[in-house]
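[1] Sequence and predicted structure, then a few things I'm wondering about:
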Amino acid sequence: MSSYALKPWLNLYQIPHTLPEDVITVIEGFEQCVRRAPESPAIYYFDEVISFAQLDARAKRFAGQLAAWGIGKGDRVALWIQNDPQFAAAQVGAWMRGAIVVPLNPMFKAKELEFHLADSGAVVLVCGKTPPPSIVVDHILTLAAFDALPPSSSDVRVPVSADDTAYLVYTSGTTGNPKGAIILHRNVAFNVEVFRQWMRLGPGDVILGLAPLFHVTGLVPQLAASAMLGLPLVLFHRFNAAEALRLAAKWRATFCVAAITAYIALMNEPGERQPFVAKCYSGGAPVAPSLSKRFEAQFGTYIHNIYGLTESTSPSHATPMGVRGPVDPTSGALSIGVPIPNCEAVILSLEDPDREAAIGEAGELGLRGPMMFPGYWNRPEESAKAFHGGFFRTGDVAIMDELGWFYIVDRKKDMIVASGFKVWPREVEDVLYQHPAVREAAVIGVPDEYRGETVKAYVALREDYASRVTDAEIIHFCKDRMAAYKYPRQVEFVDQIPKTASGKFMRRALRTVTSAHS
């Protein structure tokens, strides 16, 4: 099976085609930063400044406590924390002991927390609040206890290699229980290098932490890039649009990666507009071209698209910094970019996965390269099924044009079949976002006696339009702009679209609501 090769036209932008795969680990990079510039800022937490030396001291205290508990190579340390400095210190401290970090969503309830701790076999839980009484783990450390740890009396650092496991990052579990993706130190360090070279992340940059730290976007382009490249990271507990704008201006942030829903929140935040972060990326969900234009009109910053998965340790594709991604004339999708260095990408036929799709033909995106995870924790059968011909099957339907740009059409499982025609929700959502009243939109298929399925749109309106727009107007707007089988026959107005903690719209939750009402 052939695979995509980087197109020669990218030479015009002096973009590296390949990167060395022999990398130092993030923990080694962090220690070099501490030695080189101990007093330089590592974290801006609201209005507080924490230096690399201070962060290192906190990490060593935690590593000392882990050593006292007998925690070492390969043990799992779970972090159930918001975007707080203790997350960074605990991660570095765990890596000093050769432990595996298990980042957990701080919004998990008891049953969810129990599952992830049991599945990962975590022996330590660092938590922002006292866990429910049902939680049983060998050692529990609240943030108050974490901050009170005494200095370590001995050197507790153990050797860590690039092939050791750095994280178990759990997938969202859209089918069955969540699965722990095994992320190697090698995977993390390689993609930090991608951010350094392709996104031009380096001296003078300040990273704005918009993504939750338990998510792969928070772990790699925020935490790992800051630690390895010696750059300040702006944190503010949990996402708040007003605070994000204030702190971006105060600390002169220059770089961020976030889901498009975070950028929508920034656009909807009232107040006077100031120039925003210059190096701006959006990943995690498709970006409607109209939203990208609206953001640039408000903030003067072009949002570069990026694509990745937990299994690809953040990016596999990106629009290189300084390059504007094209819009596919057929699907209307904004390009996710081109494969990052060393990444092999193929589009597999939806009918026959052994056949590579033709240029412009929709198929399932497959990935292979040094950014890819080796498999799922304690799930050999599911790990084997996830790959085909050596390529990880992403579950995303994509196309590639003749210049080598990739476009995500939608998730395979989200396809709607109306009267025998395929409808991709993202295409309908892109049209909905062209209406000036639409703040958020998500589209699903619902049962229809005549068509089998029909298109239903959930729409959250901007406040100034809330009482002036009807469902009929939205339907008519879409009808004028797309084929008859595509436009929504049903529109339901909601206060907001349900989202995951990483900012993705939860179509699954909308289907559940629809089923309950039917």
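    Right, received. Where do you want to start?
[2] where does this protein have low pLDDT?
    Filtered on pLDDT under 70, the chain yields the residue ranges 1-15, 172-176, 411-412, 419-422, 449-452, 501-503, 508, 511-518.
[3] where's the longest helix seen in it relative to the chain centroid, distance-wise?
    Among all segments of the chain classified by DSSP state H, the helix with the greatest residue count is helix 52-68. Relative to the centre of its chain, helix 52-68 is centred 28 Å away, using Cα atoms, centre = their mean, to the nearest Å.
[4] For that helix, which helices and strands make contact with it?
    Contacts defined by 3 or more Cβ pairs under 8 Å, 6 or more residues apart in numbering; DSSP states H and E place helix 52-68 against helix 26-36, strand 41-45, helix 85-96. C-beta: built from backbone N, CA, C; applies to glycine.
[5] rerun at 6 Å
    On a contact count with 3 or more Cβ pairs under 6 Å, 6 or more residues apart in numbering; DSSP states H and E, helix 52-68 meets helix 26-36, helix 85-96.
[6] from what I can see Phe284 touches Lys504, true?
    One correction, residue 284 is Gly, not Phe. Yes - between Gly284 and Lys504 a contact is recorded at 5.5 Å, counting by Cβ atoms under 6 Å.
[7] and Ala211, how many neighbours does it have?
    Residues within reach of Ala211, counting by other Cβ atoms under 10 Å, total 28.
[8] Leaving aside the residues adjacent along the chain, what's closest to Pro275?
    Once flanking residues are discounted, Pro275 sits nearest to Gly300: 5.1 Å by Cβ to Cβ, 6 or more residues apart in numbering.
[9] try Gly390
    Here the residue nearest Gly390, using Cβ to Cβ, 6+ apart, is Arg368, at 5.6 Å.
[10] now swap in His304 and tell me
    Closest to His304 by Cβ to Cβ, 6+ apart is Thr319, at 4.4 Å.
[11] got the contact list for the one you found?
    304-305, 325, 337 (Cβ atoms under 6 Å, 6 or more residues apart in numbering).
[12] Repeat that for Ile416.
    Applying Cβ under 6 Å, 6+ apart, the residues near Ile416 are 423, 445, 453.
[13] so which of those comes closest to Gln91?
    Of all the contacts of Ile416, Gln91 sits closest to Gly445, with 40.5 Å by Cβ to Cβ.
[14] mind listing what the helix or strand hosting that closest one pairs with, with the direction of each?
    In the assignment (DSSP states H and E), Gly445 maps to strand 438-448. Strand 438-448 has these partner strands in its sheet, going by DSSP bridges: strand 452-461 (antiparallel).
[15] Quick check: buried residues in the partner strand?
    453-461 (16 or more other Cβ atoms under 10 Å).
[16] Please name the residues that touch Leu168.
    100, 102, 120, 180, 377.
[17] Then Gln274?
    By Cβ under 6 Å, 6+ apart, the contact set of Gln274 is Ala249.
[18] how far away is it from Ala68?
    Distance check for Gln274 against Ala68: by Cβ to Cβ, to the nearest Å, it reads 48 Å.
[19] Report the spatially nearest residue to Asp47, omitting neighbours in sequence.
    Lys250 (7.4 Å).
[20] Tell me how far stretch 296-310 lies from the chain's centre.
    Put simply, stretch 296-310 sits 13 Å off its chain's centre (Cα atoms, centre = their mean).
[21] Give me the buried positions along it.
    With burial defined by 16+ other Cβ under 10 Å, the residues of stretch 296-310 counted as buried are 299, 301-310.
[22] With secondary structure and distance to Leu201 as new columns, can these be given to me in TSV?
    As requested, the buried residues of stretch 296-310 are exported to TSV (DSSP: H, G, I helix; E, B strand; the rest coil; distance: Cβ to Cβ, whole Å):
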residue	secondary structure	distance to Leu201
Phe299	helix	20
Thr301	coil	16
Tyr302	coil	17
Ile303	strand	16
His304	strand	12
Asn305	strand	17
Ile306	strand	13
Tyr307	strand	18
Gly308	strand	15
Leu309	strand	21
Thr310	helix	21
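[23] just those now: which is nearest Glu114?
    Nearest to Glu114 out of the buried residues of stretch 296-310 is Thr310 (Cβ to Cβ; 21.1 Å).
[24] Now the two most distant members of the buried residues of strand 452-461.
    Using Cβ to Cβ for every pair in the buried residues of strand 452-461, the one that comes out farthest apart is Glu453 and Leu461, at 25.4 Å.
[25] Quick check, Ala509 in contact with Gln496.
    No - counting by Cβ under 6 Å, Ala509 stays clear of Gln496, with 11.4 Å between them.
[26] Looking only at neighbour counts, state which of those two leads.
    A direct count of neighbours by other Cβ under 10 Å for Ala509 and Gln496 places Ala509 higher, at 16 against 11.
[27] picking that back up, and the longest helix of the chain with helix 26-36, angle?
    Angle of helix 52-68 versus helix 26-36, following axes from the mean of the first three to the mean of the last three Cα atoms, to 10 degrees, is 130 degrees.
[28] And the next helix or strand after helix 52-68, what does it pack against?
    Sequence order places strand 76-80 as the next helix or strand after helix 52-68, per DSSP H and E. In terms of contacts (3+ Cβ pairs under 6 Å, 6+ apart), strand 76-80 is packed against helix 85-96, strand 100-103, strand 124-127.
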